[in-house]
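Colleague: Okay, sequence plus prediction incoming.
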Amino acid sequence: MRAYEIIHRKRDGRAIPPAAIAALVDGFTTGEIPDYQMAAFCMAVFFRGMDEVEVRALTEAMLRSGDVLDLSDIPGAKVDKHSTGGVGDKVSLALAPLAAACGVKVPMISGRGLGHTGGTLDKLEAIPGFRVDLPVGRFRELVRDVGACLVGQTERLAPADRKLYALRDVTATVESIPLIAASIMSKKLAEGIDALVLDVKVGSGAFMKRLDDARTLAATLAGIGRRMGKRVSALLTRMDEPLGRAVGNALEVAETVALLSGGGPEDLREVTVELTAEMLVLGGAAADLAAGRARVAAAIADGRGLAKLEEIVRAQGGDAAVLRDPERLPRAPVRYDVPSPAAGFVAELDAEAIGLAAVALGAGRARVEDRIDPAVGVVVAKKLGDRVERGEPLCTVHAGEGSESRERVTARLAGAYRIGPVAPAQRPLVLERL
Ligand code: URA
C-alpha cells in the first residue's frame, strides 16, 4: 500500500493492516516517505484513532527501527520511569540519580520539549557540555558503572521516534493516545529495562485533560509493556498547574538542585519521591512503598541524590560545578513580574497556557529546526489556592533579547490565571494507581 493510500484510508476511518504500518514507519525512518505525508498520517490518526492491533503494529515498527538493547549482563534490576508530559515536570532529573543512588539501574531514553510541555533532554542540555547523544556502548557503560544514563533517541536507538517526535511537536499532532503510546513504549522497550513506572499526567497542562482519557492512555501503555514481559506500574498524577514553580530549562535544573539539596517545592518533592519509590519496589530495592519512600527521602537528606546527579553530569560531559552553584547556569538578561489584576484566590491555573508562554519565550520550538534558549522561562509565584492581592506578582518572566514582547507574554500569563473569591478544594497529587 502506498503512503497516499494509507493516509486516505486512515482519513476515512478505516483500519490499516500491520504490514502497511510497518512499511510506513520504515519508509519514514529511511527518508523515503517525506515529512508532509507522515504529518498528514499523524493528523488522520489524531482524528480517527487506532485500534489495539494498529497501536501494537505501530509500536513494534517504531521499536524495530533501531537497536533493542540487552542489558541482562549488567547486574541489578534495570528500571525506568516515563512521564506522558507536563509543564514544569522536571521529575526525571532528580528521580534518575535518586533511584541509582538507592540501588536500581536507570537506562533512560528521554525526549525533547513536545507541544507546550518541556522535555528532559532540553533541560539537561541547559547544563553546559552535557551530552545526550552518546553512542550505545557508552550508554551501557554508564548504566553499569554510574547506575544511570539519560540520552535521547539516536540513529540507532528509537530512530523512528526521534523523527516522528520532532514532527509531531510542530504539527499539533501530539495529543493522540495511539501516537503517544507508540512513541513512549517504542523508546522504553528499546532500553533493555526489566520494569517501567509510568507517570500519566492529567489536567490543564497534560495532553490528557480528562481523567477517563488518562486512564485509557495508562491502560494502553501498561498493556503494551506487560505483553512484552515487563513489570509496569502506572500512576495518574495531577497536572492542573505547573509542577513545582520553575518552567524553562535552566530554571528547572536549578529547581532540581534545590530539591536534591533538601528544599524545593513540596508538590515536586512528593511526586518525585512517590515515583522513585515505585521504581525501587518494582526493582526489588524496597520491600514496599513505605520503605521505598523512606529510602528516597534518606538519599535526599544525606546528599547522595545530588552527588549521583553530579556523577551523571560529569560522566556525560557536563559541567557539574553548576550544580553546586546554580547561579552559573544560563541566565536570562530580562526579568519582569506579571501582576495580578485582582485580589482573591487562585481558583484556576491553565498550565498549558503557561507552557505555551514559555515556548513563545524560546524555551521550546515552533519549527523543527528552531534552537531553544536554555535561560528563558517562567517562575510561578502563585499556585492553586494561594491568596493574592491586586498588583502582587503572579509569576516572574525570564526573557531573552529576542523573546516575544512583554505585553503579549504578560497578557498570556495573566490570562492563564482565574482569580476567584474562594480557594478551590485541595486534591491529591497522585490521583490513581494502576
Ligand atoms: N512522551 C513521549 O515520549 N512521547 C509522546 O508522544 C508524549 C510524551
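Modeller: Yep, it's here.
Colleague: How about the contacts made by the closest residue to Leu98 other than its chain neighbours?
Modeller: By the measure of CB to CB, 6 or more residues apart in numbering, the closest residue to Leu98 outside its immediate chain neighbours is Gly305, 4.3 Å from it. The way it works is simple: take the backbone N, C-alpha and C, and place the C-beta from them, glycine included. The contact partners of Gly305, by CB atoms under 8 Å, 6 or more residues apart in numbering, come to 94, 97-98, 101, 260, 296, 299.
Colleague: Return the member of these nearest to Asp350.
Modeller: Among these, Ala94 lies closest to Asp350 (CB to CB), at 25.6 Å.
Colleague: What separation do you get for that closest one and Val271?
Modeller: Distance, Ala94 to Val271, by CB to CB, to the nearest Å: 10 Å.
Colleague: quick one on the thing from earlier: so can I have CSV of the contacts of Gly305 showing pLDDT and neighbour count?
Modeller: Output for those, formatted as CSV (pLDDT from 0 to 100; neighbours: other CB atoms under 10 Å):
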residue, pLDDT, neighbour count
Ala94, 98, 29
Pro97, 98, 29
Leu98, 98, 32
Ala101, 98, 26
Leu260, 98, 27
Val296, 98, 28
Ala299, 98, 24
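Colleague: Out of those, which comes closest to Ala358?
Modeller: Nearest to Ala358 among these, with distances taken as CB to CB, is Ala94, at 19.7 Å.
Colleague: Can you name the residue of this structure nearest the ligand?
Modeller: In the chain, the residue that lies nearest the ligand is Ser183 (3.5 Å; CB to the nearest ligand atom).
Colleague: That residue sits in which helix or strand?
Modeller: Here Ser183, judged by DSSP states H and E, is contained in helix 177-190.
Colleague: what helices or strands is that helix leaning on?
Modeller: In this structure, helix 177-190 makes packing contacts with helix 35-48, helix 52-64, strand 79-83, strand 106-110, helix 159-169, helix 211-227, judged by 3 or more CB pairs under 8 Å, 6 or more residues apart in numbering; DSSP states H and E.
Colleague: So Asp319: helix, strand or coil?
Modeller: coil (DSSP: H, G, I helix; E, B strand; the rest coil).
Colleague: correction: Glu5
Modeller: Under three-state DSSP, Glu5 comes out as helix.
Colleague: Please report the distance of it from Gln37.
Modeller: From Glu5 over to Gln37 (counting by CB to CB), the distance is 11 Å.
Colleague: Could you list the contact residues of the stretch 151-300 of the chain toward the ligand?
Modeller: Residues of the stretch 151-300 of the chain lying close to the ligand by CB under 6 Å from any ligand atom are 174, 179-180, 183-184.
Colleague: Reformat these as JSON lines; add pLDDT.
Modeller: Formatted as JSON lines, these follow (pLDDT from 0 to 100):
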{"residue": "Val174", "pLDDT": "94"}
{"residue": "Leu179", "pLDDT": "98"}
{"residue": "Ile180", "pLDDT": "97"}
{"residue": "Ser183", "pLDDT": "97"}
{"residue": "Ile184", "pLDDT": "96"}
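Colleague: Quick check on those: which are buried?
Modeller: Neighbour counting by 16 or more other CB atoms under 10 Å classes 174, 179-180, 183-184 among those as buried.
Colleague: coming back round to it: mind checking which of the helices and strands packed on helix 177-190 is nearest Ile16?
Modeller: Closest approach to Ile16 among those is made by helix 52-64 (5.8 Å; CB to CB).
Colleague: Okay, buried residues for the closest one please.
Modeller: Buried residues in helix 52-64 (16+ other CB under 10 Å): 54-64.
Colleague: That one packs against which elements?
Modeller: On a contact count with 3+ CB pairs under 8 Å, 6+ apart, helix 52-64 meets helix 18-30, helix 159-169, helix 177-190, helix 211-227.
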